[in-house]
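Q: Fold the stuff below for me.
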Amino acid sequence: MSKSRISDATWTAFTESIRFVVVPIMLVNLISKNFPSLKTAFMPGLETYILVIGGLIVGASTLECANKPGTYKRLLFGLFAVAFVIFWTFVLFGGGVAKYDYGPYNVSFDMSKILYIVMAGLSLKGLLVIQTFSSNRHQVAKEQALLAEQAVERPAARRRAAAWTPQFEALTKAPFRVTGDDEVGYEPPAQREPVQQWKECPVCGVKASLKETTCKHCGAWFSDPYRRS
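A: Residues are numbered from 1 along each chain as shown. The predicted structure is shown next:
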């Protein structure tokens, strides 16, 4: 998991805890103290319900942000988070029906239809989660295919590296010769014979230049190796 994913998940856990756990519990405590006669279907254990369901929302939202867009894990946790938010809203408002005793009067509020409309609006976020998944799925599939290809190539490369044994000739340009057991070494470079810069008269033995055709001492002709007889 990258650092950006960790930071996003941490920030989401903090903000969702404030929204769905801390602030609602404070409001419920405040209302219970100031309006003790207000009753809903879940009022006796409302704080516990908020704490449990709110914790589920925080966990699902955090895991959603911890995964990359386009993955099935992010899609799954995103849909779970939407479902938990809808259920949390239904429990918090007591199903839309509340009763309040004011002296000798009993007042009943039925806002269930309005609550169902709000819950239907919250469910639309599920479409956003699905749309985010579908728009990023091709990129995730491309990355997974690339990783699978690299996973296949790595063992083959390791096998080729293990099968290759370096030859001594590849380590040096100098010719190598193997002789007896007591003598193994480099072959000495071939020595060139010196080029003769003069020629010798076959009659008197006097040295002359290579371009001379006759001996200046005795007048004998030098033999021409390229001249046809």
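Q: what's the longest helix in the protein?
A: Taking DSSP state H as the criterion, the chain has its longest helix at helix 125-163.
Q: what's that one packed up against?
A: Under the contact criterion of 3 or more Cβ pairs under 8 Å, 6 or more residues apart in numbering; DSSP states H and E, helix 125-163 touches helix 72-92. The C-beta positions use only the backbone N, C-alpha and C, and glycine is treated the same way.
Q: What segments of the protein are helices?
A: Going by DSSP H, the chain shows helices at 3-17, 23-34, 46-66, 72-92, 112-123, 125-163.
Q: Centroid-nearest residue for this protein?
A: residue 143 (8.0 Å; Cα atoms, centre = their mean).
Q: Roughly how far does that residue sit from residue 75?
A: In this view, residue 143 and residue 75 are 16 Å apart by Cβ to Cβ, to the nearest Å.
Q: And for residue 45?
A: For residue 45, the distance to residue 75 (Cβ to Cβ) stands at 32 Å.
Q: now residue 42
A: Using Cβ to Cβ, residue 42 is found at 30 Å from residue 75.
Q: The residue nearest to residue 78 when sequence neighbours are not counted - how many residues pack around it?
A: Distance criterion Cβ to Cβ, 6 or more residues apart in numbering; nearest residue to residue 78, sequence neighbours excluded, is residue 129 at 3.7 Å. By the criterion of other Cβ atoms under 10 Å, residue 129 has 20 neighbours.
Q: ok, how many other residues are close to residue 38?
A: Residue 38: 16 surrounding residues under other Cβ under 10 Å.
Q: ok, how many other residues are close to the closest residue to it other than its chain neighbours?
A: Once flanking residues are discounted, residue 38 sits nearest to residue 100: 5.1 Å by Cβ to Cβ, 6+ apart. Residues lying near residue 100 (other Cβ under 10 Å) number 14.
Q: How about the contacts made by residue 100?
A: Shown in contact with residue 100 (Cβ atoms under 8 Å, 6 or more residues apart in numbering): 35, 37-39, 106-109.
Q: What distance do you get for residue 93 to residue 41?
A: 10 Å.
Q: So these two - more neighbours on which side?
A: residue 93 (20 against 15).
Q: Next, work out how far apart that one and residue 4 are.
A: Taken as Cβ to Cβ, the span from residue 93 to residue 4 is 36 Å.
Q: ok, now residue 77?
A: In terms of Cβ to Cβ, residue 77 sits 18 Å off from residue 4.
Q: between these two, which one's more packed in?
A: Taking neighbours as other Cβ under 10 Å, residue 77 and residue 4 compare with residue 77 leading, 21 against 8.
Q: All set, thanks.
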